[in-house]
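Novice: I'd like to go over a predicted model; first the sequence, then the structure.
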Amino acid sequence: MRFFTSFLLFLLCFGLNAQNIVPNASFETSKKKPRFMSSTGRDFESAIYKWTVPNEASTDLISPRFDSKNLTVIPPRTGKQMIGIVVNGDYWAEYGKVKLLKPLEKGTEYYVEYWISMPTYYSKNKPVPTNLNDHFGLFFSKDIYNGDKRILTAKPHVGATSNDVARPVKWTKMTGKFIAKEAATHLYIGQFLDESDPGKIAKGYFFIDDVFVEAFTSSAVDYTPSRYYSIKGSTASVNIDNIYFETDKYELLSSSYGELDNLVTILTKNPTLKIEIQGHTDDVGSAEHNKELSYNRAKTVYDYINNAGIEKERLAFEGYGITKAIASNTSETGRQKNRRVDFVVEADPELEDSREMMAPEFIYKFSNQISPDKKARHSFIGRYVNKWNCDGRSDEKPKTVELNQLKNSRPTSARAHINKIAKTEKALFFNEYPDHPQNRAFISTMLDDLYAAGFTYFFMEDVVASDKELNNRAYPVINTGYFVKDPVYGDMIRQAMQKGFEIVSYEPSKAQIGKAMSIVKRSAKFSDPALLQQTAKDWARAMNINRILKKDPSAKIVVLTSRGNIKEVNSNGFKTMASWFQSFTKINPVTIDQRTFTEKCKMDEDPLFAVRTVKEPSIFFYKNNPFIKQEKNTITETTGKFVDLQIFFPRSSFRNDRPTWLEMNGYRLHQEVNPDKYGMGKPCMVMAFRADEDMTFAVPVDAIELGNTGTRTSLLLPTGSYTLLLNDGKQAKQVDWEVK
């Protein structure tokens, strides 16, 4: 019963899309754990479930108890068990045999893989790397049994090549495809006899693990970004052709309207995209005349797009005359190419280049293309603390008083405590540690509870105000905000909207900050420009939140920031966002710090974080009051407790190389994707997009980099229909994917 419960939990949390039709594929389920090599095939069959032998040879089940003087075992590729087969030649060979979970379907294409290795010592010899052949592999047929130990005569459906090598200790992945010609019921793995070349036999002792056979439910097709996008170096453009003017005039011809309407559609789909409209001419006429003509033509296009509903703030225009020719002006064909209008994407150089405004394959880069200090960018592709390049440890020591208080505190579930206070509070202010999205995953698991408690507005610092279509579109796009590119952040937004929250950006415009600056200067008792700028920004942020509450006085709100401005600080005219909010609304927000006690590189972790261990996000109570670490506010030089609650997060544990907190209590299911199946190289970036979202703009639900290590790594996805984008840097393919 205990085994069954554990196995059931495994299946529930590991809802793989791949339908492996090989039972007990990793040889983990056994009746007993042998200590020695099998003497007969019956020994093997009596030890393991489902697997048998097709002849009298004695296949071995290698268990953790195995201790044979004739064989030195190596660690299995996965789990704790594997099988071993001996190939002695055309007179003796061992095999694995298993009845498939369902027969092959005639005419269906199947993908096959298994892993092979060799021991370091066998039968008084040290095995050497051994070349395989096209008769070593997997054969599918009816139930076969031979009453001797002889090698089986057959041609495997998936055979190796002479370039495939089995090596001692090192596990080698073998893959292939075939189309079933009959409804075979059984699988056989090993060395088979080629009657035309009987000497073509790989002799030796071989370990086999992780046998996988799956029908293709959908094949990969080449992924081609929209024809409207052009990437040259670090510059991205929108390609809109066929924009026509009368000769030497700047009035648009009606034949241009269709292409410009396509541009309007692209800009509407991606409401945060900004472009510069560039007018160009050939060299006929004076340079001054051509510059003016190109400027007026760009202005005409600008007016058309603006009149179609695209805000002026997203558009710029300029005329370049003859200065940026793309072809020779010595022929009419070349001059025609130079008479053009270009649309160049504008980006924030501090955050991203223009390519990253256009296409996900330029955002979700391979890890070797990301600077080690850009931890948030590594998180975008699922590389969390265990994959960071962390050096050093903090020398900071915890204060004795706080150390004793924390040791004597009792933990309680953060979710339960927040749910309790949410019933009577109107405003919850969270901060987060932006490099490590565990905080975002926790808030995602709280959304149902918070909405049930009456919270309907979710204010987010990292959502740009220019994405006015976010709530109508119902999913974030890649430039909805810099940190929103993190799939965990993006899906938190997606979930919140699905549950009924309205997403609101509270980041102020330059004009709002300017107005706030003139106001805060009146009461500030300091003149430091940086402090004035910070308190002015927080004034404007709080005022933007206040405007919603004025329109909807009964509203209950959640606020998320990556900064320290949830701290309730009010000193000499300096106030944080939380303090300004309280001044404007007379509502005392519950301020919840998630940054201090979150997993980081050791040198960045608070020394108190190592004092207690928790299994879930927790709040500690000391003498019935929440434990809050006292800290010095570097801005005001004051020391105290500036928040209401601090959440302690557990350190990450991993399943399939992914943190278990990302499973979000069963909301996300493990999905193994095999790039080999689709002919992709490695490393391979895999991104999962909701099938009903525009994958040329949308934030993926998950993204991972699959390397050459052989480590089992899975996507984590909620149930639904997806399109997977696979990119190995040389080719890109897309695959339909279903999570049930």
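Specialist: Perfect, thanks for sending it.

Novice: now stretch 290-310: buried residues?
Specialist: By neighbour count on 16 or more other C-beta atoms under 10 Å, the buried set for stretch 290-310 is 290-302, 304-305, 310. C-beta: built from backbone N, CA, C; applies to glycine.

Novice: same check on stretch 374-387?
Specialist: 375, 376, 377, 378, 379, 380, 381, 382, 383, 384, 385.

Novice: need the residues that contact it.
Specialist: The contact list for stretch 374-387 (C-beta atoms under 8 Å, 6 or more residues apart in numbering) reads 363-367, 370-371, 388, 434-438, 483, 485-488, 599-601, 652, 654, 658-659, 685, 702-705.

Novice: report the contact partners of residue 73.
Specialist: Residue 73 neighbours (C-beta under 8 Å, 6+ apart): 62, 66, 119, 207.

Novice: with residue 356 instead?
Specialist: Contact analysis of residue 356 by C-beta under 8 Å, 6+ apart lists 347, 362, 363, 478, 479.

Novice: if we use 7 Å, what do you get?
Specialist: By C-beta atoms under 7 Å, 6 or more residues apart in numbering, residue 356 lies in contact with 347, 362, 363.

Novice: now, which of those sits nearest residue 464?
Specialist: The nearest member of these to residue 464, counting by C-beta to C-beta, is residue 347 at 12.7 Å.

Novice: tell me how far the nearest residue to the closest one once chain neighbours are set aside lies from residue 259.
Specialist: Using C-beta to C-beta, 6 or more residues apart in numbering and skipping residues adjacent in sequence, the residue nearest residue 347 is residue 354, 4.2 Å away. Remark: distance between residue 354 and residue 259 (C-beta to C-beta, to the nearest Å) = 21 Å.

Novice: comparing the two, which residue is more hemmed in?
Specialist: Using other C-beta atoms under 10 Å as the criterion, residue 354 and residue 259 rank with residue 354 on top: 22 against 16.

Novice: who are the contact partners of that one?
Specialist: 234, 235, 236, 345, 346, 347.

Novice: any chance of a ChimeraX selection covering the buried ones in those residues?
Specialist: Here is the ChimeraX selection string for the buried members of the contacts of residue 354, based on 16+ other C-beta under 10 Å:
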select :236,345,347
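
Novice: farthest pair within the contacts of residue 354?
Specialist: The most widely separated members of the contacts of residue 354, counting by C-beta to C-beta, are 234 and 346 (12.6 Å).

Novice: what ranges do the helices span in the stretch 501-650 of the chain?
Specialist: 510-523, 529-551, 577-585 (DSSP state H, counting those that start in this stretch).

Novice: list of residues touching the longest strand along the chain?
Specialist: Ranked by number of residues, the top strand in the chain under DSSP state E is strand 204-215. Strand 204-215 has contacts (C-beta under 7 Å, 6+ apart) with 18-22, 25-27, 62, 71, 74, 76-78, 82-87, 96, 105, 108, 110-119, 122, 127, 130, 166, 187, 189.

Novice: mind redoing it with 6 Å?
Specialist: 18-22, 25-26, 76-78, 82-86, 108, 110-117, 119, 122, 127, 130, 166 (C-beta atoms under 6 Å, 6 or more residues apart in numbering).

Novice: against residue 101, how distant is the residue nearest to residue 147 when sequence neighbours are not counted?
Specialist: If the residues on either side of it in the chain are set aside, residue 147 comes closest to residue 56, at 6.4 Å by C-beta to C-beta, 6+ apart. Taking C-beta to C-beta as the measure, residue 56 falls 26 Å from residue 101.

Novice: same question, residue 639
Specialist: From residue 639 to residue 101 the distance is 65 Å (C-beta to C-beta).

Novice: those two - which one has more neighbours?
Specialist: The neighbour comparison of residue 639 against residue 101 (other C-beta under 10 Å) goes to residue 101, with 13 against 10.

Novice: let me see the contact set for the more buried one.
Specialist: By C-beta under 6 Å, 6+ apart, the residues touching residue 101 are 21, 23.

Novice: got it, and residue 701?
Specialist: Residue 701 touches 487, 491, 688, 717, counting by C-beta under 6 Å, 6+ apart.

Novice: now render those residues as a markdown table, adding secondary structure.
Specialist: Converted to a markdown table, those look like this (DSSP: H, G, I helix; E, B strand; the rest coil):
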| residue | secondary structure |
| --- | --- |
| 487 | helix |
| 491 | helix |
| 688 | strand |
| 717 | strand |
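
Novice: can I get the residues you listed in CSV with distance to residue 321?
Specialist: Formatted as CSV, the contacts of residue 701 follow (distance: C-beta to C-beta, whole Å):
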residue, distance to residue 321
487, 44
491, 47
688, 46
717, 51
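
Novice: and which of those is nearest residue 469?
Specialist: residue 491 (18.4 Å).

Novice: if we ignore the residues flanking it in sequence, what's nearest the closest one?
Specialist: residue 701 (5.3 Å).

Novice: tell me how far that neighbour lies from residue 410.
Specialist: Residue 701 is 37 Å from residue 410, by C-beta to C-beta.

Novice: over to residue 491?
Specialist: From residue 491 to residue 410 the distance is 33 Å (C-beta to C-beta).

Novice: same check on residue 693?
Specialist: Using C-beta to C-beta, residue 693 is found at 44 Å from residue 410.

Novice: these two: who's more crowded?
Specialist: Neighbours per residue (other C-beta under 10 Å) separate residue 693 from residue 410, with residue 693 holding more: 20 against 12.

Novice: okay, and that one sits in which element?
Specialist: Following DSSP states H and E, there is no helix or strand that holds residue 693.

Novice: residue contacts, it?
Specialist: Neighbours of residue 693 in contact, by C-beta under 6 Å, 6+ apart: residue 475.

Novice: how about residue 625?
Specialist: Contacts of residue 625 by C-beta under 6 Å, 6+ apart: none found.

Novice: bridged to it, which residues?
Specialist: Applying DSSP bridges to residue 625 gives these bridge partners: residue 622.

Novice: where does the closest residue to residue 736 other than its chain neighbours fall, phi/psi-wise?
Specialist: Nearest residue to residue 736, sequence neighbours excluded (C-beta to C-beta, 6+ apart): residue 218, at 4.3 Å. In this entry, residue 218 is assigned phi and psi values of phi -150, psi 140 (degrees, to the nearest 10).

Novice: just the pLDDT for residue 218.
Specialist: Note on residue 218: pLDDT of 70.

Novice: against residue 458, how distant is residue 548?
Specialist: Look at residue 548 and residue 458: by C-beta to C-beta, they are 11 Å apart.

Novice: who has more neighbours, these two?
Specialist: Between residue 548 and residue 458, counted using other C-beta under 10 Å, the more crowded position is residue 458 (23 against 16).

Novice: mind listing what that one touches?
Specialist: So residue 458 contacts 496, 501, 503, 558 (C-beta under 6 Å, 6+ apart).

Novice: what about 7 Å?
Specialist: 496, 501, 503, 504, 558.

Novice: export the residues you listed to TSV and tack on pLDDT and neighbour count?
Specialist: As requested, those are exported to TSV (pLDDT from 0 to 100; neighbours: other C-beta atoms under 10 Å):
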residue	pLDDT	neighbour count
496	97	23
501	97	20
503	97	20
504	97	19
558	98	23
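
Novice: quick check, nearest of these to residue 523?
Specialist: residue 504 (27.1 Å).

Novice: now that closest one. Nearest residue, chain neighbours left out?
Specialist: Spatial nearest neighbour of residue 504, excluding adjacent residues (C-beta to C-beta, 6+ apart): residue 459 at 4.9 Å.
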